[in-house]
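Student: build me a model:
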Amino acid sequence: MATAPRTYPLATIVGDKPKNDDPRHTGSDGTSQVGAIDLKGPTNANTSQTADKAWRENEQVREKRNRYSSNNPYLKEPYSPLEPLVLQALRRYGDMHPGTVDGEVMMMFIEFANLIIEDLRAHPYWDNPEIDYYTHPTEWRAIPDNIIVSGLLYHYAVQQQSNKIEAYGPMYFKMMNRVLYNRKYGSGKIEMSPWDKSQAPTGSMTYDQRRS
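Tutor: Sure thing, here's the model as predicted:
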């Protein structure tokens, strides 16, 4: 027997909405809506350029973002210091008790974290290429905690030459791609089309015009 979908009348909802300071755009009805572009529409060369510009301007005026919850909100929010993220990665890896980690191992994980920063700098969806290296385990960087933890697991598995790299490698890059894509474009439908040298989709101008 089919049941009616659950509804949530506005009159029954109390409290204030969480503050959202993401880039905004003007919707088709003339209202200001969250998102650099309409997340329900397709992404093409033109909308991608608009979103890139809006996100970069938004990143430049703020030191950090508050969209992502920290794995350790009792220590730091919205991003955790490196040390508790290292301990979380070691617990998941299961090779040693995190409480037995000494200073040398922690320094190795600082190196791994800096490798993650280099991976982010080369990523097409990352908008902060000037982010600084970690120099101490108590420092934090404006990187979502889940990316750091999955990256530490991957680089540690490589260092150990473990078969676990077969699981942690794809998990790391999938996590990075998914989080950074959602951060920039939301959960809109993905559409692919070939691009020419212009900012409009291929096919909007003749061949001779493209050559000139």
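Student: for the rest of this, base every contact and every neighbour count on C-alpha atoms.
Tutor: OK.
Student: show me which positions of the longest helix along the chain end up buried.
Tutor: Once the chain is assigned using DSSP state H, the helix that runs over the most residues is helix 165-185. Of all the residues in helix 165-185, those buried under the rule 16 or more other C-alpha atoms under 10 Å are 165, 168-169, 171-173, 175-177, 179-180, 183-185.
Student: next: stretch 82-95.
Tutor: For stretch 82-95, by 16+ other C-alpha under 10 Å, it's 82-90, 93.
Student: if I pick the residue most central in space within the chain, what's in contact with it?
Tutor: Among the residues of the chain, the one closest to the centroid is Leu180, at 3.0 Å (C-alpha atoms, centre = their mean). Counting by C-alpha atoms under 8 Å, 6 or more residues apart in numbering, Leu180 makes contact with 125-126.
Student: let's see 10 Å
Tutor: 120, 123-127, 143-144, 147, 186 (C-alpha atoms under 10 Å, 6 or more residues apart in numbering).
Student: quick one: contacts for the nearest residue to Thr135 once chain neighbours are set aside?
Tutor: Excluding the flanking residues, the one nearest Thr135 by C-alpha to C-alpha, 6 or more residues apart in numbering is Ile110, at 7.1 Å. Contacts for Ile110 (C-alpha under 10 Å, 6+ apart) come out as 82-83, 86, 104, 116, 133-137, 152.
Student: widest-spaced pair of the residues you listed?
Tutor: By the measure C-alpha to C-alpha, Glu104 and Ile116 form the most distant pair in these, at 19.0 Å.
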